[in-house]
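**Q** Generate a structure from the sequence data that follows.
(4 chains)
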Protein chains: 2
Amino acid sequence: MLHEPLFAYIESKSSHMLTDYEKERIQTAFKTRHLRKRQYLLQEGDVCRYMAFIVKGAGRMYTMKENSQETIVRLAVESWWLGDYESYNLYSPSIYYIEMTEDSDVLLVTHESMQDLVAAVPAIDEMVREIDRRGAIATQKRIHAAISLDAEERYELLAKTYPEFIRRFPQSMIASYLGISPETLSRVRKKTLYK
Amino acid sequence: MLHEPLFAYIESKSSHMLTDYEKERIQTAFKTRHLRKRQYLLQEGDVCRYMAFIVKGAGRMYTMKENSQETIVRLAVESWWLGDYESYNLYSPSIYYIEMTEDSDVLLVTHESMQDLVAAVPAIDEMVREIDRRGAIATQKRIHAAISLDAEERYELLAKTYPEFIRRFPQSMIASYLGISPETLSRVRKKTLYK
DNA sequence: CGCGGGTTTGATGATGCTCAAGCCCGGTGG
DNA sequence: CCACCGGGCTTGAGCATCATCAAACCCGCG
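**A** The predicted structure follows:
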């Protein structure tokens, strides 16, 4: 059953166990959806109507400049969330694209449903706080890395923090996520091999 | 009375008004403290025991590398919060310094007191969620700026988003916050003057 | 008047980008 | 089964951006 990983995730992020009734509510709120590689969850200009919990697969969120230059701001795999937080909360048009990079199973929930769940299910409420807290800490670190480390240091930090990413995403995406060119990343990797 | 700006702030971030009783509780939890320019609120290695709400003044949070190279990750003025979120939540030793850049009045609250308040005062609960939400959105944007914009674009974005910062912090700090050298910032400013 | 911190200016060099070509490898069709 | 794509990665050369180092400058203050 596709919702099981979500239940496990929620319980892992909170001190409450889920009751059967709560699981039912959650199951109703989260719609399952299968997305194939290269399918879009969100396109620039649209409002992000769903947050996606990745049950299986992987995806990326990025912007595109006029010159068709992509900048990846987020990568996500199993048990991660994907969605434009700003657009989702404020119902504003998004500046991002979200695209799956593998065939994926996701669970989608609207902002309204999520708010209801937060109010009704203590474990969800706790989970949301926990996610926000961890998110704030992680982004703080990433900003620090982005403004204070050079290309090589940023790559090594990522490889240490999320080795999974290096394995699952093509190198060009890793480069974009790190804010460096694919060529530079290639050279950095070659260099770090001999160490 | 020093707590008034905090009450106003809380109410502005929530849909609830504060009762007199709640204000009393808040006043008890938040200790006022005067800090002079260059005084530290936190030093590397210490646990961040307080979140600070700035009633008056300004401060900065930064790391220091062995080579005594500073990297500012956060600037804050009136009605902003200052503290290392990670250390504050996890009681782990901080990697940051927090220093006031002006004579300041701040209100300090421990993690435990804050948790009590969140549970007891609906407006505070709402405020915390709102801050987390806005924080997540703002840091997302800052990451995007850091990895996709060049020095000039980053400066112009900051000047547009927080003109206050440009006026209140010395240029060298703005440079560090943007992840560029003071010399480069000086040249960028000269250039943007003639446009 | 002279000191000192922050900013500016100039010269030089490193880091990383761009453009272009070659390479590797897995997939496809003859 | 092999030849031929084609996409992603690598490699190289030249160049732009930005850091570094050093000196001059500006201005408020003792």
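**Q** In chain A, mark out all the helices, start to finish.
**A** For chain A, the helices defined by DSSP state H cover A:4-12, A:20-29, A:85-90, A:111-120, A:122-148, A:151-161, A:163-168, A:171-178, A:182-193.
**Q** I'd like these laid out as a markdown table, including mean pLDDT and mean neighbour count.
**A** Yep, even glycine has a C-beta here, placed from its N, CA and C like the rest. As requested, the helices of chain A are arranged in a markdown table below (pLDDT from 0 to 100; neighbours: other C-beta atoms under 10 Å in any protein chain shown):
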| stretch | mean pLDDT | mean neighbour count |
| --- | --- | --- |
| helix A:4-12 | 97 | 16 |
| helix A:20-29 | 97 | 15 |
| helix A:85-90 | 96 | 19 |
| helix A:111-120 | 97 | 15 |
| helix A:122-148 | 93 | 18 |
| helix A:151-161 | 96 | 16 |
| helix A:163-168 | 95 | 13 |
| helix A:171-178 | 97 | 20 |
| helix A:182-193 | 93 | 13 |
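**Q** Quick check: which of those is nearest to B:His34?
**A** helix A:122-148 (27.3 Å; C-beta to C-beta).
**Q** Help me confirm that A:Ser104 comes into contact with A:Gly57.
**A** Yes - counting by C-beta atoms under 8 Å, A:Ser104 touches A:Gly57, with 2.4 Å between them.
**Q** okay, and the common contacts of the two?
**A** Common contacts of A:Ser104 and A:Gly57 (C-beta atoms under 8 Å, 6 or more residues apart in numbering or on different chains): A:Leu35.
**Q** so how far is A:Gln39 from A:Tyr88?
**A** Per C-beta to C-beta, to the nearest Å, A:Tyr88 is found 19 Å from A:Gln39.
**Q** what does chain A put close to DNA strand C?
**A** When proximity is defined as C-beta under 7 Å from any atom of the strand, chain A approaches DNA strand C at A:69, A:150-152, A:179-181, A:183-184.
**Q** For chain B, tell me which of these show up nearby.
**A** Applying C-beta under 8 Å from any C-beta of the partner chain to these, one finds that A:Gly179 fall near chain B.
**Q** Reformat the helices of chain A as JSON lines; add distance to A:Val77.
**A** Output for those, formatted as JSON lines (distance: least, C-beta to C-beta, whole Å):
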{"stretch": "helix A:4-12", "distance to A:Val77": "12"}
{"stretch": "helix A:20-29", "distance to A:Val77": "21"}
{"stretch": "helix A:85-90", "distance to A:Val77": "18"}
{"stretch": "helix A:111-120", "distance to A:Val77": "21"}
{"stretch": "helix A:122-148", "distance to A:Val77": "15"}
{"stretch": "helix A:151-161", "distance to A:Val77": "13"}
{"stretch": "helix A:163-168", "distance to A:Val77": "6"}
{"stretch": "helix A:171-178", "distance to A:Val77": "12"}
{"stretch": "helix A:182-193", "distance to A:Val77": "19"}
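**Q** Chain B contacts on chain A?
**A** Residues of chain A lying near chain B (C-beta under 8 Å from any C-beta): A:63, A:65, A:71, A:73, A:85-86, A:89, A:129, A:132-133, A:135-137, A:139-140, A:142-144, A:146-148, A:177-179.
**Q** Recalculate using a threshold of 6 Å.
**A** Residues of chain A lying close to chain B by C-beta under 6 Å from any C-beta of the partner chain are A:71, A:73, A:85-86, A:89, A:132-133, A:135-137, A:139, A:142-144, A:146-148, A:179.
**Q** mind checking how far stretch A:86-104 is from the chain centre?
**A** Averaging C-alpha positions (C-alpha atoms, centre = their mean, to the nearest Å) puts stretch A:86-104 10 Å from its chain's average.
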